[in-house]
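# Task: produce atomic coordinates for the following.
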Amino acid sequence: MHPQHILDTILSQAVMVGMRGNFPPATALHTAEIMQAHGMSIFELTLNSAQPLEAMSALKKRWGDAVIAGMGTVLTVADAERAIGEGADFIVSPAFVPSVVEYALKVGVFVAPGVITPSEAVNAWAMGVQLLKLFPIGALGLDYFKAIFAPLNHMRFMCNGAVDGDNIPQFLKAGAVAAGMGGWLTGDGQMPEALMHTRAQALREGISGVRLI
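Down below sits the predicted model:
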């Protein structure tokens, strides 16, 4: 899938749905179906979860290019090769690993490395990265985001880590372009369906409210 299409979809939806924990194919499919009912079709499986490659493949087999499915917690080039070899539309990492970024860009796959300092952000952006995963920004807070964004507002940041339906609208209003939503939105694979619907709807409403301001 073309990286520009992935970026455009992220900018449009403003949410990358994460699944970390017990998300084998059947659970991942059910979770993705719920999220799509609320306008979210970008899914990040994670390598430190149950059957992540199988789950990612199941999403693509069921919905094809109607969904964007990639792999997270990619820490090495070997991880990236494995995920991309299995058809990952994109790769994401909690850290800035230059060799992983270089490999993804070389093979034409969208990559969002994790950064948390200005130096990491500047170095990743200089490599040609189009979206930076600011992680774990929820734990550091809105003031930290505002401080780092002020001199780097020409960059695109996706806020991840300890984020929820309350603080994501604040981050978006302050300049973030998207949120990576895992635990609060999808749980660990055992979140009740009704709660996922409730949180997904609340998240969409919060994002829409900010974008209408």
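# Contacts only, for the residue nearest to residue 182 when sequence neighbours are not counted.
Spatially, and ignoring its direct neighbours in sequence, residue 182 is nearest to residue 18 (3.2 Å; Cβ to Cβ, 6 or more residues apart in numbering). Any C-beta I mention is one placed from the backbone N, CA and C, and that applies to glycine too. The contact partners of residue 18, by Cβ atoms under 8 Å, 6 or more residues apart in numbering, come to 43-44, 46, 72, 160, 180-183, 185-186.
# Out of these, flag the one nearest to residue 199.
residue 185 (5.5 Å; Cβ to Cβ).
# Next one: that closest one from residue 159, what distance?
13 Å (Cβ to Cβ, to the nearest Å).
# just checking, what packs against the helix or strand harbouring residue 62?
Taking DSSP states H and E as the definition, one finds residue 62 inside helix 52-63. On a contact count with 3 or more Cβ pairs under 8 Å, 6 or more residues apart in numbering; DSSP states H and E, helix 52-63 meets helix 25-36, strand 42-46, strand 68-72, helix 77-85.
# Dump the ones you listed to a markdown table, plus distance to residue 98 and mean pLDDT.
Converted to a markdown table, those look like this (distance: least, Cβ to Cβ, whole Å; pLDDT from 0 to 100):
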| stretch | distance to residue 98 | mean pLDDT |
| --- | --- | --- |
| helix 25-36 | 30 | 98 |
| strand 42-46 | 21 | 98 |
| strand 68-72 | 18 | 98 |
| helix 77-85 | 10 | 98 |
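# what's the closest of those to residue 121?
strand 68-72 (18.7 Å).
# that's a strand at residue 48, yeah?
No: the assignment for residue 48 (DSSP: H, G, I helix; E, B strand; the rest coil) gives coil, which keeps it out of a strand.
# Over to the closest residue to it other than its chain neighbours: give its phi and psi.
With sequence-adjacent residues excluded and distances taken as Cβ to Cβ, 6+ apart, residue 48 is closest to residue 73, at 5.1 Å. As for residue 73, its main-chain torsions (degrees, to the nearest 10) stand at phi 60, psi 40.
# just for the chain, where's the confidence low?
213 (pLDDT under 70).
# just the strands in it please.
Remark: strands assigned in the chain by DSSP state E are 15-19, 42-46, 68-72, 90-92, 110-112, 114-115, 132-134, 157-160, 178-181.
# Next, the distance between the ends of stretch 182-192.
15 Å (Cα to Cα, to the nearest Å).
# ok, residue 94 to residue 2 distance?
In terms of Cβ to Cβ, residue 94 sits 25 Å off from residue 2.
# Between those two, point out the one with more neighbours.
Between residue 94 and residue 2, counting by other Cβ atoms under 10 Å, residue 94 is the more crowded of the two (20 against 10).
# Now the more buried one: closest residue in space, sequence neighbours ignored.
Counting by Cβ to Cβ, 6+ apart, residue 94 lies nearest to residue 114, which is 4.3 Å off, once chain neighbours are set aside.
# Can you get me a residue count around that neighbour?
There are 25 residues near residue 114, going by other Cβ under 10 Å.
# now do residue 46
By the criterion of other Cβ under 10 Å, residue 46 has 22 neighbours.
# try residue 208
As a burial measure, residue 208 scores 12 neighbours (other Cβ under 10 Å).
# So it versus residue 88, what's the distance?
Residue 208 sits 29 Å away from residue 88, going by Cβ to Cβ.
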